[in-house]
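Colleague: how would this look folded up:
(chains A, B, C and D)
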There are 4 protein chains.
Amino acid sequence: MATVGFIGVGNMGGPMAINLVNAGHQVKVYDLSPDLVDNVVKVGAVAAASPQEVVKDIDVLVSMLPSGKIVEDLYIHKERLLASISASTLVIDCSTIAPENAINLALAAKEKGIVTLDAPVSGGVGGAVAGTLTFIVGGEAQAFEQARPLLMNMGKNVFHAGDHGAGQTAKICNNMLLAVHMIGTAEALQLGVDNGLDPKVLSDIMLQSSGRNWSLELYNPFPGVMDSVPASNDYNGGFQVDLMNKDLGLALQAALKSQSATPMGTLAKSLYSQHGRQGWGKKDFSSIQTWFKKVLNKNGAN
Amino acid sequence: MATVGFIGVGNMGGPMAINLVNAGHQVKVYDLSPDLVDNVVKVGAVAAASPQEVVKDIDVLVSMLPSGKIVEDLYIHKERLLASISASTLVIDCSTIAPENAINLALAAKEKGIVTLDAPVSGGVGGAVAGTLTFIVGGEAQAFEQARPLLMNMGKNVFHAGDHGAGQTAKICNNMLLAVHMIGTAEALQLGVDNGLDPKVLSDIMLQSSGRNWSLELYNPFPGVMDSVPASNDYNGGFQVDLMNKDLGLALQAALKSQSATPMGTLAKSLYSQHGRQGWGKKDFSSIQTWFKKVLNKNGAN
Amino acid sequence: MATVGFIGVGNMGGPMAINLVNAGHQVKVYDLSPDLVDNVVKVGAVAAASPQEVVKDIDVLVSMLPSGKIVEDLYIHKERLLASISASTLVIDCSTIAPENAINLALAAKEKGIVTLDAPVSGGVGGAVAGTLTFIVGGEAQAFEQARPLLMNMGKNVFHAGDHGAGQTAKICNNMLLAVHMIGTAEALQLGVDNGLDPKVLSDIMLQSSGRNWSLELYNPFPGVMDSVPASNDYNGGFQVDLMNKDLGLALQAALKSQSATPMGTLAKSLYSQHGRQGWGKKDFSSIQTWFKKVLNKNGAN
Amino acid sequence: MATVGFIGVGNMGGPMAINLVNAGHQVKVYDLSPDLVDNVVKVGAVAAASPQEVVKDIDVLVSMLPSGKIVEDLYIHKERLLASISASTLVIDCSTIAPENAINLALAAKEKGIVTLDAPVSGGVGGAVAGTLTFIVGGEAQAFEQARPLLMNMGKNVFHAGDHGAGQTAKICNNMLLAVHMIGTAEALQLGVDNGLDPKVLSDIMLQSSGRNWSLELYNPFPGVMDSVPASNDYNGGFQVDLMNKDLGLALQAALKSQSATPMGTLAKSLYSQHGRQGWGKKDFSSIQTWFKKVLNKNGAN
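Modeller: Numbers count the residues shown, from 1 in each chain, chains lettered A, B, ... in the order given. Sure, this is the predicted structure:
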């Protein structure tokens, strides 16, 4: 069992840290919000008063933060936390950020002899709580093998995508594809319904045919087709449109950098941007189904 | 065992008819091309000299034809075959055509007391040969139950999508979604590769994550990732771009009729139309992967 | 001066017929709605009790109808009006319909020795009233020259696009391009406003730069930038979203027929289809500006 | 007449500096390439050995550089040129860069009491040579008025778009709209041609109708329709695809920042990215017309 520091214990980081405690690790936590820290302390973690205190005498540091700017500010620019971290501590950043940010962190850390991994996750809050997350990891193979047991305490799949930044790149590609088949699924279902099909029957047929995809199989966006998904709960819970927009933004940044053409991904981004602007930002991303629906006319005259 | 007439024994219809012969049915076949007829006669079918001869004294008529116009011309307008069909014969049209064409056939047949089903298939030439097709059926429930055993001699999945035309509508929705996730998969793989990932590693990760879909799982479009798919055979074999364009055209027609919005599907259609125009019409539809690739510059000067 | 029959005197046909009366022609009118006929009779036209009565003893027949099916039903299938038209009568159909419908009419007419032109218009209700329409004409050059003076009584520009159907094709291409630059203009203006620009200043700059286009110049979609346009009148009046959707549907049909790739046009169609479904069908097509706007959040929690 | 420093005298900056010399200003120039400096020295400018030497004893500094990173490195980070500039010198940066870069420059300059303007241009190399550029300026009104006469020596239109960065934002919006109507024009022309129209006739019709736009009017992308445009010169000269891709990249960055939806602009970006990847990067951006063309089949078998 290891001594683990954990920075950022919100919706995702909180349950991840709790799973580490439950697995028998000694866990020190820090967050700007004391309430979030309390949630983890209740199950056996120790509270730290500052990032600098968290990183004292630990084997591994895990961070889970909302943006690349915050990650770089914490480790490199403002908080300069790297200066306080021992070279024997393995740093695992689980934030979803641009590959560039992950590479910047890795290079700055390397100058001080510190080894880092970028390890963004897939699986959402549900997966974080259940300990069934997928970790998509970038960095050196040896560090990856060292981190694997700890990551398996928080998830059930761990992949080594490649060098520093590769974990971020792979996650970005995956989530872009997710957005594409979610919207594709929503429009196929609505096209069927508009032409007289039952959405449940059409879903069953496509699940057994070449239209099959994760959105259709586990996350049907049409209300009433599947129990226990956001579509059947007024699109509450799940993965927010705002977060999908964040990930699609990272995908576009990557595409701009490599001058890749991503017609489906950028169209998905435009539709999700508009969907967010129309007020759906805090709803689940499968609510894009409502985009396709027919509503009443604005004009009393028709 | 039944006496079955079969019209249209090309790439798809030929192996389907052979599977009916092999299942023990008495099969009479007709096609404009005598060579195609011979292929089925060799395994035990009987050749008919005309459509009218095929439909004499049969329990079931199966047709597999290339377009809605040809189907309507055969049954209703030019050949007026419905006039020669007994009311006790069940007509199963397996062609992929517009729902309107299927409904026109059903209504014209009903006037003469003949019952029809639209039963387009999914699974391609490989599925036709192996007898593993999926049939997506529209029409009355009783006729569907009557047809089921015969369809199971040619396939392994049979779905009742709804009333006349519903089989066509469901197939169209499915194939539109297939086109969307195939292109989405191709662009996600290229985005990853452009940013340093290995296409096989990225594919494995996305298969275990929310990007998972049929294209990625069974039909990876990136050369070398998967054996035995068209991508690893210079995009030969498989499902031609021209045929995907035909199905996407039917999807757009359906969307125009119902005034449905299908941004992903219509973008897929535009990209596949252009891809066909660039000379890829006879290649497999996963060749859209090449659309995303970087090539040499036109201009010697750079 | 000629004796002119006119069928279809609604929003467009009504003012066009009135302009013919005002130019000194003898005009006989027919419409399913007697009220619409009255509007033209008031200024000096004669009412006809049936299409057959309209076409008696006239030099020219003008029709202005809402769809290709109605045009074909009137002239060829149901009403079979061609049978009652003299070979000396020039038939000018100003309806916006598919090129196929126009060609079908031309061929059926030719069998009876009747000459037709397809002459769809651009310029809207305002242009119809002011007599400033543009006519885009398909058919033989001689008939075009014969029709020109009469068309100039209803418009100010008359183009000969080519053979039968070419008038329709040209109009379809034009209106697809219009939809594309209208949406492009709306999104450029919103992008500027979202980044701190004044929409009037940005419009002025783009009008003097390479972004210039008809939508920006004469029909600015941003409320308050330009007086006397629908955007400054709550998007009332003008060219309805439903009508733009009809024209974009014709463009897609043409593209499907020729297997042309039209990525911008089909995206425009998807956005206008969705816009219509969201209740904007009876509003002006520049109301697509509202699609881009930021609105309040659905979820009280944020 | 003023004493003007000029940094960056390539394709654009070179002729701009020459026009300043010709207008009677004293001009000092610097560029990494001595050959480019020579071109301007030949007409009467003075060469400077370094950026620091250029900025000594001048009234105005003009810079024309290829990217925001280079601009920031020159003025702020690496070269720290701001430290050598007198507070009485007006800095006019004509580079096309992100609004953020322009704002960063303005803020860093302000700390040293230096006033800047962002003044990107429209009009291309031709406009630079002819002195007919359009300047789209961001910054304070007083500085704008001070710069105006000098800018009018290099162009014929000068706009004040708003505060610092607004010049860049307005240019970005304009060029995004330009890309949209260029592609829209290309696809409308090809759709017409595919359906039997003459591209010149169709262009004439649309120019007099609501499809009219700058691309159609001054820059027709269909070969042979218009003399003296790149389309009639094998798409050589003009505004390179690579540069359009740069500007569309800036537009996407701006849209990501403001979470604006730009479906047409992002589709244009994807198509231009792919077009560049297919080897057209150094050709004129109207070469997107070739994207729509039908070519021979890859597969000998058809």
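Colleague: ok, which stretches of chain A are helices?
Modeller: For chain A, the helices defined by DSSP state H occupy A:13-22, A:34-41, A:51-54, A:68-75, A:99-111, A:124-130, A:141-152, A:166-194, A:199-207, A:214-218, A:241-258, A:263-275.
Colleague: model confidence over the third one, on average?
Modeller: Per-residue pLDDT values across helix A:51-54 average out to 97.
Colleague: Now it - C-alpha only, CSV.
Modeller: Output of helix A:51-54 as CSV, limited to C-alpha atoms (Å, rounded to 0.1, in the frame of the first residue of the first chain):
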residue,chain,number,x,y,z
PRO,A,51,-0.8,21.7,-2.2
GLN,A,52,2.7,22.0,-0.7
GLU,A,53,1.6,20.0,2.4
VAL,A,54,-0.1,17.3,0.2
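Colleague: how far is that helix from where the chain is centred?
Modeller: 25 Å (Cα atoms, centre = their mean, to the nearest Å).
Colleague: so what secondary structure elements neighbour it?
Modeller: In terms of contacts (3 or more Cβ pairs under 8 Å, 6 or more residues apart in numbering or on different chains; DSSP states H and E), helix A:51-54 is packed against strand A:3-7, strand A:26-30. All C-beta atoms are positioned from the backbone trio N, CA, C, and that covers glycine.
Colleague: Let me have the helices of chain A in TSV, adding mean neighbour count as columns.
Modeller: Listed next are the helices of chain A as TSV, based on neighbours: other Cβ atoms under 10 Å in any protein chain shown:
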stretch	mean neighbour count
helix A:13-22	23
helix A:34-41	17
helix A:51-54	19
helix A:68-75	20
helix A:99-111	20
helix A:124-130	18
helix A:141-152	16
helix A:166-194	29
helix A:199-207	21
helix A:214-218	21
helix A:241-258	22
helix A:263-275	26
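Colleague: By mean pLDDT, show me the worst of these.
Modeller: Here these differ in mean pLDDT, and the lowest is helix A:124-130 at a mean of 92.
Colleague: quick check: domain ranges of chain A?
Modeller: Split into domains by automatic domain parsing, chain A comes to A:3-163, A:169-292.
Colleague: which parts of the stretch 1-150 of chain A sit against chain B?
Modeller: Within reach of chain B by Cβ under 8 Å from any Cβ of the partner chain, the stretch 1-150 of chain A has these residues: A:99, A:122, A:134, A:136.
Colleague: Going by distance to chain C, which of those residues wins?
Modeller: residue A:122 (24.1 Å; Cβ to the nearest Cβ).
Colleague: Read off the pLDDT value for the closest one.
Modeller: So residue A:122 comes in at 91 (pLDDT).
Colleague: what about it, neighbour count?
Modeller: Residue A:122: 24 surrounding residues under other Cβ atoms under 10 Å in any protein chain shown.
Colleague: neighbours of the closest residue to residue A:38 other than its chain neighbours, just the number please.
Modeller: Nearest residue to residue A:38, sequence neighbours excluded (Cβ to Cβ, 6 or more residues apart in numbering or on different chains): residue A:47, at 7.7 Å. Per other Cβ under 10 Å, the neighbour tally for residue A:47 reads 15.
Colleague: picking that back up, return the member of the residues of the stretch 1-150 of chain A next to chain B nearest to residue B:190.
Modeller: residue A:99 (15.7 Å; Cβ to Cβ).
Colleague: Quickly list what the residue of the stretch 1-150 of chain A found nearest chain B is bridged to.
Modeller: Scanning the stretch 1-150 of chain A for the residue nearest chain B gives residue A:122, at 4.7 Å (criterion: Cβ to the nearest Cβ). Residue A:122 has these beta-bridge partners by DSSP bridges: residue A:134.
Colleague: Would you confirm that it contacts residue B:210?
Modeller: Yes: look at residue A:122 against residue B:210 with Cβ atoms under 8 Å: they come within range, at 6.0 Å.
Colleague: Next, show the common contact partners of the two.
Modeller: Counting by Cβ atoms under 8 Å, 6 or more residues apart in numbering or on different chains, the shared contacts of residue A:122 and residue B:210 are A:174, A:175.
Colleague: As TSV, the helices of chain A with distance to residue C:8 would be great.
Modeller: TSV is the format used below for the helices of chain A (distance: least, Cβ to Cβ, whole Å):
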stretch	distance to residue C:8
helix A:13-22	67
helix A:34-41	69
helix A:51-54	76
helix A:68-75	62
helix A:99-111	62
helix A:124-130	58
helix A:141-152	72
helix A:166-194	30
helix A:199-207	40
helix A:214-218	47
helix A:241-258	47
helix A:263-275	38
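Colleague: which one of the ones you listed lies closest to residue C:87?
Modeller: Proximity to residue C:87 (Cβ to Cβ) singles out helix A:166-194 among the helices of chain A, at 45.7 Å.
Colleague: How about that closest one and chain B, any contact?
Modeller: Yes: with Cβ under 8 Å from any Cβ as the measure, helix A:166-194 is seen reaching chain B through A:166, A:169-170, A:172-178, A:180-181, A:183-185, A:187-192, A:194.
Colleague: Off-centre distance for that helix?
Modeller: Its chain's C-alpha centre lies 15 Å from the corresponding centre of helix A:166-194 when counted by Cα atoms, centre = their mean.
Colleague: out of the helices and strands packed on helix A:51-54, deepest packed?
Modeller: Of all the helices and strands packed on helix A:51-54, strand A:3-7 carries the top mean neighbour count, a mean of 25, counting by mean count of other Cβ atoms under 10 Å in any protein chain shown.
Colleague: Pull up the pairing partners for that strand, direction included.
Modeller: Applying DSSP bridges to the sheet, strand A:3-7 is found paired with strand A:26-30 (parallel), strand A:60-63 (parallel).
Colleague: As TSV, these with mean pLDDT would be great.
Modeller: TSV is the format used below for the strands paired with strand A:3-7 (pLDDT from 0 to 100):
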stretch	mean pLDDT
strand A:26-30	98
strand A:60-63	98
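Colleague: what would those look like in JSON lines with distance to residue C:244?
Modeller: Below are the strands paired with strand A:3-7 laid out as JSON lines (distance: least, Cβ to Cβ, whole Å):
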{"stretch": "strand A:26-30", "distance to residue C:244": "56"}
{"stretch": "strand A:60-63", "distance to residue C:244": "51"}
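Colleague: can you pull the contacts of the residue of the stretch 1-150 of chain A closest to chain B?
Modeller: Counting by Cβ under 8 Å, 6+ apart, residue A:122 makes contact with A:133, A:134, A:136, A:171, A:174, A:175, B:209, B:210.
Colleague: Could you list the residues of chain A in contact with chain D?
Modeller: The interface of chain A toward chain D, taken as Cβ under 8 Å from any Cβ, is made up of A:245, A:249, A:252-253, A:255-256, A:259-263, A:266-267, A:269-271, A:273-274, A:276-277.
Colleague: switch the cut-off to 6 Å
Modeller: A:249, A:256, A:259, A:261, A:263, A:266, A:270, A:273, A:274 (Cβ under 6 Å from any Cβ of the partner chain).
Colleague: ok so, going back, between the helices of chain A, which one is nearest to residue D:12?
Modeller: Of all the helices of chain A, helix A:241-258 sits nearest to residue D:12, with 22.8 Å by Cβ to Cβ.
Colleague: now the closest one and helix A:263-275, what's the angle there?
Modeller: Computed with axes from the mean of the first three to the mean of the last three Cα atoms, to 10 degrees, the direction of helix A:241-258 lies at 140 degrees from that of helix A:263-275.
Colleague: and helix A:241-258, does that touch chain B?
Modeller: Yes: Helix A:241-258 comes into contact with chain B (Cβ under 6 Å from any Cβ), by way of A:254, A:255, A:258.
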